[in-house]
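S.K.: quick check, what structure comes out for this input:
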Amino acid sequence: MARPSRYSAIAPAERLPAWIRSPVGNASDLERVQGVVKQQRLHTICEEGRCPNRAECYAAGTATFLLGGSICTRSCAFCQVDKGLAPEPVDGLEPERVAEAVATLGLTYVVLTGVARDDLDDHGASLFTSAMAAIRRRTPGVAIEVLTPDFWGGYREEAEAIAAQRRRLEVVLAAEPVCFNHNLETVERLQAEVRRGATYPRSLGLLAAARQLAPHIPTKSGLMLGLGETRAEVIAALHDLRAAGCQRLTLGQYLRPSLAHIPVARYWTPAEFEELGAIARELGFEQVRSGPLVRSSYHAGEAG
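M.R.: Have a look, this model is predicted:
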């Protein structure tokens, strides 16, 4: 059950601007994927996070599966996924059901993400590798991207925690995803408010370690705009991501899922997203998706 939120009494500051329009997509594509996901008793971040692009992505043969159940051990202020300190036990049959869903839907590009499982010894690293192995056994040609939590925790000493994070990361990278994604989510100043349990240095360290351990696997990260950040802070975050070796980037508008979540500070315009996308390309990001409705997995399977 979701915890009470101190944001519950804060009303939305304004109506959605005219440029925030979700693609309608094909209702049959949406219903088909939702039906298979429900039949296999799975979760997708597309549905849990109420992604505005899910119909479009489903039609393009892409979906993002949420591993580890539907309860996250972190309490990020922006996220729609349920929170709790006692998530359900790991479902040993989940990988096979994910693989069956991928095959049934004929997906060509799959993104695997997961709730934070700080209750597990490996913090969920094996959830990713088990699902990847099952998908490849069932449908060998599918490309698989991973979008992971920070794998942080379990040790008091910083050096031990870093070493454990690196071991967990090595497990995931050894399974050879086509892309390793970990979202920075917001600028440095807003991390404590927006990403409770995660930190800016830990996330940058994870991305840098991924580049060191598997330089052939592209790294990717994303930022939500509209939480109170400044243009200068966004650009500083882009510089930090490039310094960590991050190669791909998504920039999108934060949309408040409910009154229990952190409110929107402002809506960035399409022109501002275009400008930031151009700056990111100038900084050397190889793939940039920047726009109000862009999300982590938006057009993930497309090059350039």
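
S.K.: quick check: which element contains Gly222?
M.R.: strand 219-225 (DSSP states H and E).

S.K.: alpha carbons of that strand, as PDB, please.
M.R.: Provided in PDB are the C-alpha atoms of strand 219-225 (Å, rounded to 0.1, in the frame of the first residue of the first chain):
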ATOM      1  CA  THR A 219      25.300   3.700 -21.800                       C
ATOM      2  CA  LYS A 220      22.200   5.900 -21.500                       C
ATOM      3  CA  SER A 221      20.500   8.200 -19.000                       C
ATOM      4  CA  GLY A 222      17.600  10.500 -18.700                       C
ATOM      5  CA  LEU A 223      16.300  13.700 -17.000                       C
ATOM      6  CA  MET A 224      12.800  14.800 -16.200                       C
ATOM      7  CA  LEU A 225      12.300  18.600 -16.600                       C
END
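
S.K.: and the closest residue to Ala77 other than its chain neighbours, how many neighbours?
M.R.: Using CB to CB, 6 or more residues apart in numbering and skipping the chain neighbours, the partner closest in space to Ala77 is Ile262 (4.0 Å). Every C-beta, even on glycine, is put in place using the N, C-alpha and C of the backbone. Using other CB atoms under 10 Å, Ile262 has 23 other residues around it.

S.K.: ditto for Ser70
M.R.: 14.

S.K.: per-residue pLDDT, it?
M.R.: Note on Ser70: pLDDT of 78.

S.K.: show me the shaky parts of the stretch 1-150 of the chain.
M.R.: 1-14, 22-62, 86 (pLDDT under 70).

S.K.: please, where are all the strands along it?
M.R.: Taking DSSP state E, counting those that start in this stretch as the criterion, the stretch 1-150 of the chain carries its strands at 62-67, 71-72, 82-83, 109-114, 143-147.

S.K.: so for Val98, which of the ones you listed sits nearest?
M.R.: Closest approach to Val98 among those (CB to CB): strand 62-67, 5.3 Å.

S.K.: could you give the angle of the helix or strand hosting Leu238 to strand 219-225?
M.R.: Taking DSSP H and E as the criterion, Leu238 maps to helix 231-243. Angle between the axes of helix 231-243 and strand 219-225 is 170 degrees (criterion: axes from the mean of the first three to the mean of the last three CA atoms, to 10 degrees).

S.K.: helix 231-243: what's the following helix or strand?
M.R.: Following helix 231-243 in sequence, per DSSP H and E, is strand 248-253.

S.K.: show me what that next one packs onto, helices and strands only.
M.R.: In terms of contacts (3 or more CB pairs under 8 Å, 6 or more residues apart in numbering; DSSP states H and E), strand 248-253 is packed against strand 219-225, helix 231-243, helix 270-283, strand 287-290.

S.K.: relative to helix 231-243, how tilted is that strand?
M.R.: Calculated by the same axes, to 10 degrees, strand 248-253 forms an angle of 160 degrees with helix 231-243.

S.K.: I am finished for the moment; much appreciated.
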